[in-house]
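J.: What follows is a predicted protein model with its sequence.
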Amino acid sequence: MINMSRWHHARTCHRERSNFTRNEDGSPTTTANHDPLQEITFVWHEKLIDVLSLPRIERLRSGVFETLYEGRAAVAKIACFEWQIPSLTRETWAYCVVTETQPSDGPLTAPEFLGHLTENGRAMGFLMEKLEGRSACSDDLTQCAALLKRLHGLGDLGLVHGDVNRYNFIVEECCRGRVVRLVDLEHA
């Protein structure tokens, strides 16, 4: 039986990848590859947070979990496989564009980007605030369209959401009334 916790330790600490195969006689064998793991290359935020320091409160889906960071609820999104690195790099860039073009007097377009998640110094995800709200419905169409128009107004920067559906619009009720924000910018 393979001790997966030791394999995870080897992967994160030594940047090894192991291949498990069988010899001609059927006995298991392992080969190690010492190539560095891929990482998110677009690192713009000043905070780098060790993903292993975060408590896992609830798994939301593969590679996405709720956590606590500095006393508040947050959502972590990490690359579980190397093929996920390009889309997380693109999503990181999209959050940068949204953050840096956010008007100081208006409502936020997306969740607050809290920092890059690292594993042994390698950027492999990001942390954002957890939004408390509901998915949009037909009553929210006007606000959703206005938010999307504002986001796509950044088109000269190459930013288009790419996965527009009601579940990517989060509606929050607050003292200012109903506020709509966009999530899931990985197809931007």
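T.: Sure thing, it's come through. Residues are numbered from 1 along each chain as shown.
J.: Please tell me the pLDDT value assigned to the residue most central in space within the chain.
T.: With distances taken as Cα atoms, centre = their mean, Lys77 lies nearest the centre of the chain, 3.1 Å away. Here the pLDDT value assigned to Lys77 is 96.
J.: how about the host helix or strand of it: buried residues?
T.: Assessed by DSSP states H and E, Lys77 sits inside strand 72-78. For strand 72-78, burial by neighbour count (16 or more other Cβ atoms under 10 Å) applies to 74-78. For the C-beta atoms, the positions are set from N, CA and C on the backbone; glycine is no exception.
J.: quick one: it to chain centroid distance?
T.: Its chain's average C-alpha position is 8 Å from that of strand 72-78, according to Cα atoms, centre = their mean, to the nearest Å.
J.: What strands flank that strand, and is each parallel or antiparallel?
T.: strand 64-69 (antiparallel), strand 122-129 (antiparallel) (DSSP bridges).
J.: Of the ones you listed, flag the one that's most buried.
T.: strand 122-129 (a mean of 22; mean count of other Cβ atoms under 10 Å).
J.: I'd like the distance from that one to the chain centre, please.
T.: On Cα atoms, centre = their mean, the centre of strand 122-129 falls 6 Å from that of its chain.
J.: With just CA atoms, put that strand into CSV.
T.: Coordinates of each C-alpha in strand 122-129 appear next as CSV, following Å, rounded to 0.1, in the frame of the first residue of the first chain:
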residue,chain,number,x,y,z
ARG,A,122,5.9,28.0,-5.8
ALA,A,123,2.8,30.0,-6.7
MET,A,124,0.0,27.5,-7.3
GLY,A,125,-3.3,29.3,-6.5
PHE,A,126,-4.9,32.3,-4.9
LEU,A,127,-7.0,33.4,-2.0
MET,A,128,-10.1,35.7,-2.3
GLU,A,129,-12.7,36.9,0.1
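J.: Which residues does that strand contact?
T.: Contacts with strand 122-129, where a contact means Cβ atoms under 8 Å, 6 or more residues apart in numbering, come from 15, 36-37, 39-41, 43, 45, 48-49, 51, 54, 63, 67, 69, 72-79, 85, 88, 91-92, 95, 110-118.
J.: and the longest helix along the chain with strand 72-78, angle?
T.: Scanning the chain for the longest helix, with DSSP state H as the assignment, gives helix 85-100. Put simply, helix 85-100 runs at 140 degrees to strand 72-78, going by axes from the mean of the first three to the mean of the last three Cα atoms, to 10 degrees.
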